[in-house]
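Student: here's a sequence, model it:
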Amino acid sequence: MSKLVPLRGRRAFDAVFQRGRVYSDQLLSMRVLPNGLPYVRCGLVVGRKVGKATVRNKVKRRLREGMRRLGLKPGWDVVVVVRPPAAQASYGGLMDSVSSLLRRAGLLLEGEG
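Tutor: Have a look, this model is predicted:
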């Protein structure tokens, strides 16, 4: 399992949004971009349309924990954009969505998810 580091800074997010590849479903949209580092950097974007602060924070906590548990290939920047239906999704539903998108992007290690 590779280390999961927060993606920080406007420049890093902008680079992923401009040059990253997009994968999406009903709950999430994910953009990925190779970074050449020995770890994965992950950023979460949860807008106000998802809900009030407590709901947004709950979704972020669930996603961070779920991604931490998944085995990800190192060397990628990942930005997850949460869509409003994710506020009513269970932890299992969010994890199914995340693992499905990561599998489509080819970022899951063999035997994970």
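
Student: buried stuff in the helix or strand encompassing residue 13?
Tutor: If you go by DSSP states H and E, residue 13 is part of helix 10-19. Burial within helix 10-19, assessed by neighbour count using 16 or more other C-beta atoms under 10 Å, is assigned to 12-13, 15-16. For glycine as for every other residue, the C-beta is placed from the backbone atoms N, C-alpha and C.

Student: got phi/psi on residue 66?
Tutor: Note on residue 66: backbone dihedrals following degrees, to the nearest 10 are phi -60, psi -40.

Student: what is the burial count for the closest residue to it other than its chain neighbours?
Tutor: In this structure, residue 66 finds its nearest non-sequential neighbour in residue 95, 4.6 Å apart by C-beta to C-beta, 6 or more residues apart in numbering. For residue 95, the count of nearby residues is 19 (other C-beta atoms under 10 Å).

Student: hmm, residue 65 and residue 95 touching each other?
Tutor: No. Using C-beta atoms under 8 Å, residue 95 is not in contact with residue 65, being 9.2 Å away.

Student: quick one: the helix or strand bottoming out on mean pLDDT in the chain to chain centroid distance?
Tutor: Every helix and strand of the chain was ranked by mean pLDDT, DSSP states H and E. The lowest is strand 4-6, at a mean of 90. The chain centroid and the centroid of strand 4-6 are separated by 11 Å under C-alpha atoms, centre = their mean, to the nearest Å.

Student: then stretch 30-41?
Tutor: Centre-to-centre, stretch 30-41 and its host chain are 11 Å apart (C-alpha atoms, centre = their mean).

Student: now name the helix or strand holding the spatially most central residue of the chain.
Tutor: The residue lying closest to the centre of the chain (C-alpha atoms, centre = their mean) is residue 80, at 3.6 Å. Element membership for residue 80 (DSSP H and E) is strand 76-82.
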